[in-house]
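A.B. asks: Below is the sequence, then the predicted model.
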Amino acid sequence: MRFEGSAIYRVKAVAEMFDVSVNTIYRAIESGELDALKLGTGKGTLRIPGGALNAYVEKCSQAAYEAFVTGDESASADDQEIGEVA
């Protein structure tokens, strides 16, 4: 899955593309795993650059590789504690 680097995506659209809840995407942003832009003042709105999505997919792919191919399950241990499936 590759995203156009110059495109900007809404949180809901990203959640739908990854088939996860919107809250999962917000958690990834809050934890620093996924970069996002805050637009506006106050509460504002979040948008996710395509380049950040490409980096996130690569990071998730690498973690999955390490967890399932090399047997290093420490990469997926954090997700299992939260109730997420790697």
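C.D. replies: Noted; the coordinates are in hand. Residues are numbered from 1 along each chain as shown.

A.B. asks: so where's the longest helix in this structure?
C.D. replies: helix 50-68 (DSSP state H).

A.B. asks: How about stretch 14-25, which residues are buried there?
C.D. replies: 14-15, 18, 24-25 (16 or more other CB atoms under 10 Å). From N, CA and C alone the C-beta is placed, and that goes for glycine too.

A.B. asks: for stretch 33-48, that is, sorry about that
C.D. replies: Neighbour-count burial for stretch 33-48, counted by 16+ other CB under 10 Å, picks out 34, 36, 46-48.

A.B. asks: Between the two ends of it, how far is it?
C.D. replies: 12 Å (CA to CA, to the nearest Å).

A.B. asks: distance between it and the chain's centre?
C.D. replies: Here the centre of stretch 33-48 is set off from its chain's centre by 14 Å, with CA atoms, centre = their mean, to the nearest Å.

A.B. asks: can you pull out the helices in the chain?
C.D. replies: Using DSSP H, helices in the chain cover 11-18, 22-30, 50-68, 74-82.

A.B. asks: Which of the helices and strands in this structure ranks last by mean pLDDT?
C.D. replies: helix 74-82 (a mean of 50; mean pLDDT, DSSP states H and E).

A.B. asks: Tell me, how many residues neighbour residue 7?
C.D. replies: Counted with other CB atoms under 10 Å, residues neighbouring residue 7 total 12.

A.B. asks: Okay, it and residue 70: tell me how far apart.
C.D. replies: Going from residue 7 to residue 70 by CB to CB, to the nearest Å gives 33 Å.

A.B. asks: my guess is residue 26 contacts residue 11, does it?
C.D. replies: Yes: using CB atoms under 8 Å, residue 26 is in contact with residue 11, at 6.7 Å.
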